[in-house]
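> from the sequence below, what's the structure:
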Amino acid sequence: MQFTCSNIIKRMKKIFPCLVNYFIRNIKITKSPIFIVGCGHSGTSLLLAILGSHSMLYAIPYESYLCFCSRIKAFIKRLDFRFLTIAAGKRRWIEKTPKHIYCIEKLFKIYPQAKILLIIRDGRDVACSIQDRNGSLASGINRWVKDNRAGEPFWEHENVYVLKYENIIEDFEETISGVLAFLGEHYEQEIREYYKIPKQFYSNKIKKPNTKFGKDHEQYRNWQINQPLLNNRGKFLRMTEQEKRLIKKHANKMLIKYKYINNNKW
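Numbering: from 1, shown residues only. As a prediction, the model looks like this:
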């Protein structure tokens, strides 16, 4: 996020409700923060949109890259997280920056009691999704392998919860109930209709653009998170035999380990 005049004005407009919530309604940040990490195109935005509809949880509406900032800028952003959460009348915030999968240890140094949600998705679908964006299937599968390897050492950490994008699609209530139990929060039936709460994470426009490329990409992403649950599994079924060989060469072992394929069978 850039700290421009327009952003400052937006924050100023929320000063009054923030003060009212803090001093009169006694709304405070009461629990540890939550970070969503994972390889891009794995459902991180979807998970943020879902959890941000919970009555206690506020979704930070931008990727902060907190661990990649200077100390001063990181401090300002952390204050902004608290300010936005209280202004929204909520008591806990969730931040989503996929690249923080490389900074899990650092996140725990900043917030020792933080809860981290690490989401994974079938690498074949991730590679296809990235290919749709930049035209390179190879870059997509290489990113999937590299990013997920960075997260593997923390899978057994007591404050890290690993979930699959596919499980959200297949069994929404059980999967999200498990996530919320890990966070120490109760499941709310309204969460299923998360898309009814307008979100402006990537754009101030919710309407679907004409394309999902170039200047329309951010608006397209924002349109996606404002839709009912979409089943985006099975993108890899369109692959050519040559593309399948490429995936097998670079990611077969991890796909087996993550139980997306059985030996070499697709």
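> isn't Thr85 up against Tyr58?
Yes: between Thr85 and Tyr58 a contact is recorded at 4.2 Å, counting by C-beta atoms under 8 Å. The C-beta positions use only the backbone N, C-alpha and C, and glycine is treated the same way.
> give me the common contacts of the two.
Arg92, Trp93 (C-beta atoms under 8 Å, 6 or more residues apart in numbering).
> now do the same end-to-end measure for stretch 90-109.
With C-alpha to C-alpha, to the nearest Å as the measure, stretch 90-109 spans 24 Å from end to end.
> before we move on, what about stretch 217-233?
Start-to-end, stretch 217-233 (C-alpha to C-alpha) is 20 Å.
> with stretch 167-178 instead?
11 Å.
> and it, how far out from the chain middle?
16 Å (C-alpha atoms, centre = their mean, to the nearest Å).
> which residues does the closest residue to Ile206 other than its chain neighbours contact?
Nearest non-adjacent residue to Ile206, counting by C-beta to C-beta, 6 or more residues apart in numbering: Asn226, 4.9 Å away. Counting by C-beta under 8 Å, 6+ apart, Asn226 touches Ala49, Tyr195, Pro198, Lys199, Ile206.
> what does the pLDDT read for Asn226?
Note for Asn226: predicted pLDDT of 94.
> next one: Lys212
Looking at Lys212, the pLDDT reads 84.
> hang on, it packs against Asn222?
No: if you go by C-beta under 8 Å, Lys212 and Asn222 don't touch, sitting 11.1 Å apart.
> who has more neighbours, these two?
Taking other C-beta atoms under 10 Å, Lys212 and Asn222 do not tie; Asn222 has more neighbours (22 against 16).
> so the more buried one sits against Phe201, correct?
Yes: here Asn222 reaches Phe201: they are 6.0 Å apart, a contact under C-beta under 8 Å.
> circling back to that earlier point, tell me the one of the contacts of Asn226 nearest Leu107?
Relative to Leu107, the closest of the contacts of Asn226 is Ala49; by C-beta to C-beta it sits at 21.1 Å.
> contacting residues for that closest one?
Ala59, Tyr194, Tyr195, Lys199, Phe201, Ile225, Asn226.
> how near is the second one to Ile176?
Same thing as Tyr194. From Tyr194 across to Ile176, the span is 9 Å (C-beta to C-beta, to the nearest Å).
> which residues do those two both contact?
With C-beta under 8 Å, 6+ apart, Tyr194 and Ile176 have common neighbours Ile50.
> most surrounded residue in the contacts of Ala49?
Ala59 (29 neighbours).
> was I right about that residue contacting Leu51?
Yes: here Ala59 reaches Leu51: they are 6.7 Å apart, a contact under C-beta under 8 Å.
> joint contacts of these two?
Joint contacts of Ala59 and Leu51 (C-beta under 8 Å, 6+ apart) are Ile94.
> what about the strands in this protein?
34-37, 57-59, 92-96, 115-120, 160-164 (DSSP state E).
> run through who's touching the third one.
The list of residues contacting strand 92-96 from outside it, by C-beta under 8 Å, 6+ apart, reads 29-37, 44-45, 47-48, 51-52, 56-60, 63-64, 66, 81-82, 84-85.
> returning to that earlier point: just name the closest of the contacts of Asn226 to Ser129, please.
Distances from Ser129 to these, taken by C-beta to C-beta, are shortest for Ala49, at 16.9 Å.
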